[in-house]
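Enquirer: Pasting a predicted model and its sequence here:
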Amino acid sequence: SSASSASASPTPGGTDTSGTGNGEATTQDTGSFGHQLATKVVRGVIFGLILALAAIGVSLIYGTTGLNNFAHGELVSFGGFVAYVAMTSSAGMNGWAAMLLALMAGAGFGWLQNATIWHPLRKKRVGLIQIMIVSIGLSLLLRYIYAFIFGPNRLVMPQSFDAVATPFGVPVSYWGLWGSVLCLVLLAAVVLIRERTRLGKSIRAVADNKMLAATAGIAVERVILMVWMGGAALAAVSGVLVAFYQTLSFQGGAQILLLIFAAVTLGGLGSAYGALVGALILSLFVELSTFIIPTSMKNVAAMIVMIAILLIRPSGILGKAQRVG
């Protein structure tokens, strides 16, 4: 059967109450030091690319609106749940069709949020602190809606865990391999749109100075809407890949949100390229830190490396000083 479809999982579409991930995430770190190092590097790169998809959305939204969106993790979870329903329901979609559906649904969810919450708040000139608190409330609301609908247990995505590639002797599953390729394609598309299109120039102009952009004839609210839709769509795709790579849980978005913010802060607030660099560095450091600290504490390493770099460069690796403070 095709590895990209619902197949070969020991409990397809089922639940996992163990609280652990699956696929590459459960591969045991055994063998020589060289093999363990290769395993952690491969895992770090794969998860770093997935994390970068979500982080770029946060960075673009912050760059154009100034909002640190605490509900972004729930946009990630939303994509995973959309794909799970599409693959386990009577529709029986394969992984790629479910991914496309999640991308479109994510964009629609981003449009809905902006139209019903964020645009009206901006129109009423509500302060950023108040809007940020609204995003925290929205995060809690969505999280427990997911728990009510899908239950408290972790859900296992229907997929094949068989290795389709072994870079450096490390087994990588279908979605570990092709999910990474998809991340690279989407990240490259974001770069091209940002650098080579009229929309990208408008996004940069709005991020630099909204009033000046409006004076130049740029429809600022339309640009912000496109950023919300694009950021939410990327978050939804990353949510599907997280679900394939690990498991799916109503708390999954909240658990990854800290890493997303850390990656954005590390790379530089408002910098799309910084979000990518920050995500890769953070993910690699987190994985390699398990050589010396317990796996359950590896997210602490992310905070340590973020603090260390910000002490040296407060604006982040690729951030601009004027964006901070």
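Expert: Nice, thanks for sending it over.
Enquirer: Next, name the residue at the spatial heart of this protein.
Expert: Centroid-nearest residue in the chain: residue 54, 2.4 Å away (criterion: Cα atoms, centre = their mean).
Enquirer: wait, that one sits on residue 74?
Expert: No - taking contact to mean Cβ atoms under 8 Å, the distance of 11.3 Å between residue 54 and residue 74 leaves them out of contact. (Each C-beta comes from the backbone N, C-alpha and C, glycine too.)
Enquirer: Please enumerate residues in contact with stretch 181-194?
Expert: Taking Cβ atoms under 8 Å, 6 or more residues apart in numbering as the criterion, the residues outside stretch 181-194 that touch it are 49-50, 52-53, 56, 99, 199-200, 203-204, 230, 234, 237-238, 241, 272-273, 276.
Enquirer: Name the residues of that stretch that are buried.
Expert: Judged by neighbour count (16 or more other Cβ atoms under 10 Å), stretch 181-194 contains these buried residues: 182, 183, 186, 187, 190, 194.
Enquirer: end to end, how far does stretch 287-299 reach?
Expert: Distance between the boundary residues of stretch 287-299 (Cα to Cα, to the nearest Å) amounts to 9 Å.
Enquirer: Is the residue nearest to the residue nearest to the centre of the chain when sequence neighbours are not counted part of a helix or strand, or is it coil?
Expert: Counting by Cβ to Cβ, 6 or more residues apart in numbering, residue 238 is the residue found nearest to residue 54 once chain neighbours are left out, at 4.2 Å. Under DSSP: H, G, I helix; E, B strand; the rest coil, residue 238 falls in the helix class.
Enquirer: quick one on the thing from earlier: quick check, nearest of the buried residues of stretch 181-194 to residue 283?
Expert: Minimum separation from residue 283 among the buried residues of stretch 181-194 (Cβ to Cβ) is found for residue 183, which lies at 11.8 Å.
Enquirer: how near is that closest one to residue 316?
Expert: 21 Å (Cβ to Cβ, to the nearest Å).
Enquirer: Would you mind listing where the stretch 51-200 of the chain has pLDDT under the threshold?
Expert: Per-residue confidence for the stretch 51-200 of the chain (pLDDT under 70) gives these ranges: 160.
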